[in-house]
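In: structure here, sequence nowhere to be found:
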């Protein structure tokens, strides 16, 4: 059986963000794979949009059997289950969100499609808060 090592970044800034992160982590472990390590939770201001709601963020390293597209499908299902019915790509602008789960690194894969970019360029290279917590789980 082959496993993939993946780094995910989770964020939430409405409806009890810390609890949302906790719920998402439980869902990930139940549906996606074993969490190998976690960064500390950090609080950050919204990036690329204005909101008075502060984000709670965490990075996790997981072990999964899923392919990148199957993993994306499962992550989107978790987001929908938690109440996020449409993501930023639908609105063409960032907004407050109950949960956001991004695939940052998938093994050493470099992959580009209309729905998925690995590695996740913005979070890995352009957002200081993300780079900081991602480096804590590598």
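Out: Now that the structure is in, tell me what you want to look at. Everything numeric in this text was worked out from a predicted model, so none of it was measured.

In: ranges for the strands of this protein?
Out: For the chain, the strands defined by DSSP state E cover 4-12, 33-38, 42-44, 55-64, 100-106, 111-112, 117-118.

In: what's in contact with the last one?
Out: Strand 117-118 is touched from outside by 68, 103, 105-106, 109-112, with contacts defined as Cβ atoms under 8 Å, 6 or more residues apart in numbering. From N, CA and C alone the C-beta is placed, and that goes for glycine too.

In: want to throw those into a markdown table with neighbour count?
Out: What follows is the contacts of strand 117-118, written out as a markdown table (neighbours: other Cβ atoms under 10 Å):
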| residue | neighbour count |
| --- | --- |
| 68 | 18 |
| 103 | 22 |
| 105 | 21 |
| 106 | 23 |
| 109 | 12 |
| 110 | 9 |
| 111 | 12 |
| 112 | 8 |
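
In: and the two most separated of those residues?
Out: 105 and 112 (14.3 Å; Cβ to Cβ).

In: quick check: the spatially most central residue of the chain vs residue 52, distance?
Out: Centre of the chain computed as the mean C-alpha position; nearest residue by Cα atoms, centre = their mean is residue 101, 2.5 Å away. Counting by Cβ to Cβ, to the nearest Å, the separation of residue 101 from residue 52 is 23 Å.

In: out of the strands of the chain, which is closest to residue 78?
Out: strand 100-106 (6.6 Å).

In: show me where the chain has helices.
Out: 17-31, 68-81, 88-91, 121, 128-135 (DSSP state H).

In: lowest-confidence stretch among those?
Out: Ranked by mean pLDDT, the helices of the chain bottom out at helix 88-91, with a mean of 58.

In: what's around residue 126, how many residues?
Out: When counting by other Cβ atoms under 10 Å, one arrives at 12 neighbours for residue 126.

In: how about the residue nearest to the centre of the chain: what's its closest non-neighbour residue?
Out: residue 75 (4.6 Å; Cβ to Cβ, 6 or more residues apart in numbering).

In: in contact with that neighbour, which residues?
Out: Taking Cβ under 8 Å, 6+ apart, one finds 8, 28, 32, 101, 103 in contact with residue 75.
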